[in-house]
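Visitor: sequence first, then the predicted structure:
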Protein chains: 2
Amino acid sequence: MPTDDRTPDRVRSRPTWLLARAHGRALALLHAGFEAHGDGLRGYHYRLLAALEQWGPASQADLGRDTGIDRSDVTAALRQLEDEALVERRVDPGHRRRNIVTITADGQRALQRLDVVIADIQGDVLAPLTPEQRRQLVDLLEKLV
Amino acid sequence: MPTDDRTPDRVRSRPTWLLARAHGRALALLHAGFEAHGDGLRGYHYRLLAALEQWGPASQADLGRDTGIDRSDVTAALRQLEDEALVERRVDPGHRRRNIVTITADGQRALQRLDVVIADIQGDVLAPLTPEQRRQLVDLLEKLV
DNA sequence: TGAGAACGTTGGCGTGGCCAACAAGGAAGA
DNA sequence: TCTTCCTTGTTGGCCACGCCAACGTTCTCA
């Protein structure tokens, strides 16, 4: 008996599928938010700015490790951030193969704007859940990760 | 106080981030499974085979609607499935702009093999959870989707 | 001093998802 | 009937995210 949602049965109730679906919906909202208020930035940029704001200046390799972003992608994302003066890169005098990356005042402001956008989206994503259910979901997902 | 997991605080506890992380882990396992036992097939192929098996022959447009896959991607995925004789396409005599797609016996077998692989992966993904927690997670995710 | 590791960079690949444009075929209204 | 509009399949392209290989440079350590 086909339901309204014609996703095949073997797919519909699988946890991996539900995760993909839920993540897809969240991602769509995030992309829309970045599109509307993100000044051309994307997820990678936000993660990098967040790491810099929290732990201060760091090398690109450390940034990659702290954010789970590949070194090569860190390079590309930082170039854009630097182009928009949200970040500064200079060679570490003590270790000249390293770049020391610093968030600028503009970067701080961009990060704070994104914080608001992203925080709002959390509510949109979790809209179907009660506060207690939201807490449960976060707990369970944290166990999974 | 930085913990072992140096994901920035503003990112670490957000539901959208947890969903992305959990989905990423599931996806990595799925890709490994497809790589090892998938005969070169991917998620799109599995979804299409599943839809064909469950509801019988269908047009490509209907397949796209039932699986949430874009028409253009349906075309590409079906071409591969047809190349491997897992699927047959013929023009609908009554509506000659349509292709009627049918799963073959080989396609049924491939689908069943993938079923086993994917079912196993569900257990891997949910390994950190008790049976009760798994049920809870599925319930919550279904509300979200 | 010499070998090996770490760093930043370039270039590439794959998956999943999305969109635009087009020709062919069909449907519905003038 | 004719004309307009819609659907279908196809091609080609784009994006985000993740990952990997290779390279030259720089540093460390045995």
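Guide: Sure thing, it's come through.
Visitor: show me the shaky parts of chain A.
Guide: Applying pLDDT under 70 to chain A picks out residues A:1-5.
Visitor: go again with 90.
Guide: A:1-7, A:13, A:145 (pLDDT under 90).
Visitor: can you name the residues of it sitting close to DNA strand C?
Guide: For chain A, the residues in contact with DNA strand C (Cβ under 7 Å from any atom of the strand) are A:20, A:24, A:28, A:59-62, A:64, A:71-76, A:78-79, A:89, A:97-99. Heads up, the C-betas are built off the backbone N, CA and C, glycines and all.
Visitor: can you tell me which residue is spatially central in chain A?
Guide: Nearest to the geometric centre of chain A sits A:G43, at 4.1 Å (Cα atoms, centre = their mean).
Visitor: hang on, A:R90 in a strand?
Guide: Yes. Counting by DSSP: H, G, I helix; E, B strand; the rest coil, A:R90 is part of a strand.
Visitor: nearest spatial neighbour of it, skipping sequence neighbours?
Guide: Take A:R90 and drop its neighbours on the chain: the residue closest to it by Cβ to Cβ, 6 or more residues apart in numbering or on different chains is A:I100, 5.7 Å away.
Visitor: mind giving me the packing neighbours of the strand or helix carrying the one you found?
Guide: Applying DSSP states H and E as the criterion places A:I100 in strand A:99-103. In this structure, strand A:99-103 packs against helix A:43-55, strand A:58-59, helix A:60-67, strand A:87-91, with contacts taken as 3 or more Cβ pairs under 8 Å, 6 or more residues apart in numbering or on different chains; DSSP states H and E.
Visitor: quick one: contacts of the shortest one?
Guide: Under the contact criterion Cβ atoms under 8 Å, 6 or more residues apart in numbering or on different chains, strand A:58-59 has outside partners A:A51, A:L52, A:D66, A:D92, A:R98, A:N99, A:I100, A:V101.
Visitor: any idea how far chain B is from the last one?
Guide: It refers to A:V101. 14 Å (Cβ to the nearest Cβ, to the nearest Å).
Visitor: burial measure for that residue, as a count.
Guide: Using other Cβ atoms under 10 Å in any protein chain shown, A:V101 has 23 other residues around it.
Visitor: could you count how many residues lie near the closest residue to A:L49 other than its chain neighbours?
Guide: Excluding the flanking residues, the one nearest A:L49 by Cβ to Cβ, 6+ apart is A:L111, at 4.4 Å. Around A:L111 there are 21 other residues, counting by other Cβ under 10 Å.
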